[in-house]
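Visitor: Fold the following, please.
(chains A and B)
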Protein chains: 2
Amino acid sequence: MENKDEKNGEQEQVVNPWEVSAKDGGKIDYDKLIDKFGCQKLDQSSSELSHVKRVERLTGRPAHVFLRRGVFFAHRDFDDILNAYERGEKFYLYTGRGPSSEALHLGHLVPFMFTKYLQDAFKVPLVIQLTDDEKCMWKNLSVEESQRLARENAKDIIACGFDISKTFIFSDFDYVGGAFYKNMVKVAKCVTYNKVVGIFGFTGEDHIGKVSFPPVQAVPSFPTSFPHLFSGKDNLRCLIPCAIDQDPYFRMTRDVAPRIGYHKPALIESSFFPALQGESGKMSASDPNSAIYVTDSAKDIKNKINKHAFTGGQESIEKHRKYGANLEVDIPIKYLNFFLEDDAELEHIKKEYGAGHMLTGEVKKRLIEILTELVERHQRARASVTEEMVDAFMAVRPLPNMFD
Amino acid sequence: MENKDEKNGEQEQVVNPWEVSAKDGGKIDYDKLIDKFGCQKLDQSSSELSHVKRVERLTGRPAHVFLRRGVFFAHRDFDDILNAYERGEKFYLYTGRGPSSEALHLGHLVPFMFTKYLQDAFKVPLVIQLTDDEKCMWKNLSVEESQRLARENAKDIIACGFDISKTFIFSDFDYVGGAFYKNMVKVAKCVTYNKVVGIFGFTGEDHIGKVSFPPVQAVPSFPTSFPHLFSGKDNLRCLIPCAIDQDPYFRMTRDVAPRIGYHKPALIESSFFPALQGESGKMSASDPNSAIYVTDSAKDIKNKINKHAFTGGQESIEKHRKYGANLEVDIPIKYLNFFLEDDAELEHIKKEYGAGHMLTGEVKKRLIEILTELVERHQRARASVTEEMVDAFMAVRPLPNMFD
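Guide: From the prediction side, this is the model:
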């Protein structure tokens, strides 16, 4: 939807909630994105004052792989959250998902895996918004189908292991109303049409549902939207872990927050999980071979990685032994960077593969092992999620032990 | 908000939900309005097939003064409602109020008095929407103040005598959500931004709350928005009695209805109750002397009519006896046309006053009697409306006897 800047026929990179595409089919330039969006780079250095080190000190746990390896790489006001936490103030986490498809792929799991880590490490409550209204409007799904997908997706989310005593999952179609709706109106009053055009690139031919939606995604940032959870805690801070394409919503939210008496939500933002075909954007739900799905069998995973993963290996074994692999473009290495937790092993593979001592097939074999284990573990967890558990996570209820 | 058509410096008439002003300060041209909006004129002739006669035959009651004297003068698909009713199909009524001020004036009572008549005559249920969200956004009231005004206004509405076994009153801030919100999304999906600009004249500097609101006023037209009332009655027809300035909302609603599987709501539309100063528009809440309020004392009413009512009487008794009054511009006559029920007496007054036999002071005296009685009756009724009654009318509940 965002206007594309075209200069001399070049296609500039486009990143917004509906489209992620790099300049001229290359890689996303994340530094440029930070610059354009106006967020900050996370400090992942070994300095005692870096974000990574502070998180480790404050929580007494090692930083998550996604944090120490720069998967989550940008933030807004994350220092404020850490400073407040250091003073003994709690916060809550807010993340979400637009339920547009039945099966999640690995990229979809990334924010949830990281959010679970944050919940466990900081011992804080979490609200998860399923924007079935958004998908009904953008993907032209029926209300019923959007709600069905929301519930199916909730099962995958629950399978990530969230603590039911600290987690409230809600679908917009079920939950919008009351205090939540009042906050939507308060937000909407503060945002002009020109402003949302500037942020989201809507046009006059877009339907008004799109124009009405940003406040829906904004208001879970405010504790009063959840009176059953945060009654009397109007000043509770909110931290939003999400992929950076969601930043426009929260830029808008942060503009409005102080005008209606709330803290600006803080953000911790991830890069995109690359497609099997290469790192030029997000994976595409319309091409099943562009991603590993949590529903894929061991055989699917093996086939997809062996057949479709773009690698930096050389075209012949001789050349590979001589020049080594180009790790910069190699998808198996990028995937291992997300999911191989052992730092030493990862370094070893990168070194050997980069030097041409290790072959592409060997790296792929290790990746297949890791992903198969991850996906099968997820499938077992999901199979044990009952309808009653979904009801329980989605019940509008107080969470008396949410800060324990 | 609507763009004013300016030709040769002339100010064309403007009628929309936020502004009513006649061409060059003259009278509203209702025929032109019917033409512009594309609604139909109500047939108030003595023909057996006229709307007035059909209503009388179908309900076994004389037509309401507002119907037989053309206060309600326009419609959309009112014939469909009458044809269906004749076949034994019921319908429901939907009207509403934007709670922008504490005290209602007589003009505000007009749709409610007429709606009560329709409810009693057709024995049908009624939903009354209090758009506290709208007023919060347009008048920049706080959420709390809008809700307080909604509740105060509900007391005046209840004082009009609605049947609690057939009437559900709701405030948007309380009620938006669930099936109602789902219908809002369905409507919003069908309306482009360009379309609402064409209908309502929004500009890019308007906030997105305004753009989001039309679906909120639209969806009470659909029975599924009220599952506690109309479950299993998805095809129930809706008739909306309202002032004609609300027509733009329902033009939009009628466009969308068949695309999302509902009947188009039918409308029966009134002209505006004129200001004391003359018939150039609606009364102004900002000028207390432009209207009789339901909170006015007998003394207020007497003073306002004697001092501020614009009349068609001549400047001297001699001239008046000679030329008679100009009834076309005379506000006391117009007010009597609304509230003096006795046709014979009204005809007598018009004849005598028009011929100069009756003086302005005598007509005003009769009007003061009638309005004082009306207002005092309303005040007694309102004083007997308890908080418990408001809660009862606004309770989300089934109405098992709503068609009895």
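
Visitor: Can you report how many residues lie near the nearest residue to A:Arg321 once chain neighbours are set aside?
Guide: The shortest distance from A:Arg321 to any residue that is not its chain neighbour, by Cβ to Cβ, 6 or more residues apart in numbering or on different chains, is 4.7 Å, and that residue is A:Gly356. (Each C-beta comes from the backbone N, C-alpha and C, glycine too.) Counted with other Cβ atoms under 10 Å in any protein chain shown, the neighbours of A:Gly356 add up to 18.

Visitor: From what I see, A:Gly356 and A:Gly324 are in contact.
Guide: Yes: under the contact definition of Cβ atoms under 8 Å, A:Gly356 touches A:Gly324, with a separation of 3.7 Å.

Visitor: what touches both of those two?
Guide: Jointly contacting A:Gly356 and A:Gly324 under the rule Cβ atoms under 8 Å, 6 or more residues apart in numbering or on different chains are A:Gln314.

Visitor: Please tell me how far the residue nearest to A:Arg321 sits from chain B.
Guide: Counting by Cβ to the nearest Cβ, to the nearest Å, the separation of A:Gly356 from chain B is 55 Å.

Visitor: tell me which residues in stretch A:44-63 are buried?
Guide: Along stretch A:44-63, these residues count as buried under the neighbour rule (16 or more other Cβ atoms under 10 Å in any protein chain shown): A:Gln44, A:Ser50, A:His51, A:Val52, A:Lys53, A:Arg54, A:Val55, A:Glu56, A:Thr59, A:Ala63.

Visitor: Identify all contacting residues around that stretch.
Guide: Contact partners of stretch A:44-63, identified using Cβ under 8 Å, 6+ apart, comprise A:42-43, A:67-68, A:70, A:73, A:75, A:78-79, A:82, A:85-86, A:120-122.

Visitor: Buried ones among these?
Guide: By the neighbour-count criterion of 16+ other Cβ under 10 Å, the contacts of stretch A:44-63 include these buried positions: A:42-43, A:67-68, A:70, A:73, A:75, A:78, A:82, A:85, A:120-122.

Visitor: Between those residues, which sits nearest A:Ala266?
Guide: Of all the buried ones among the contacts of stretch A:44-63, A:Ala266 sits closest to A:Phe78, with 5.5 Å by Cβ to Cβ.

Visitor: got the residue ranges for the strands in chain A?
Guide: According to DSSP state E, chain A carries its strands in the segments A:6-7, A:10-11, A:14-16, A:19-21, A:40-41, A:72-76, A:91-97, A:126-130, A:167-171, A:237-243, A:266-270.

Visitor: Least confident of these, on average?
Guide: When the strands of chain A are ranked by mean pLDDT, strand A:6-7 comes last with a mean of 46.

Visitor: one step back: quick check, nearest of the buried ones among the contacts of stretch A:44-63 to chain B?
Guide: A:His75 (27.1 Å; Cβ to the nearest Cβ).

Visitor: The closest residue to chain B within chain A and A:Ala395, how far apart?
Guide: Proximity to chain B, evaluated over chain A using Cβ to the nearest Cβ, is greatest for A:Gly177 at 2.2 Å. From A:Gly177 across to A:Ala395, the span is 16 Å (Cβ to Cβ, to the nearest Å).

Visitor: Which of those two has more residues huddled nearby?
Guide: When neighbours are counted by other Cβ under 10 Å, A:Gly177 and A:Ala395 differ, and A:Gly177 comes out ahead with 19 against 12.

Visitor: Grab the nearest non-local neighbour of that one.
Guide: For A:Gly177, the spatially nearest residue (Cβ to Cβ, 6+ apart) is B:Gly177, at 2.2 Å.
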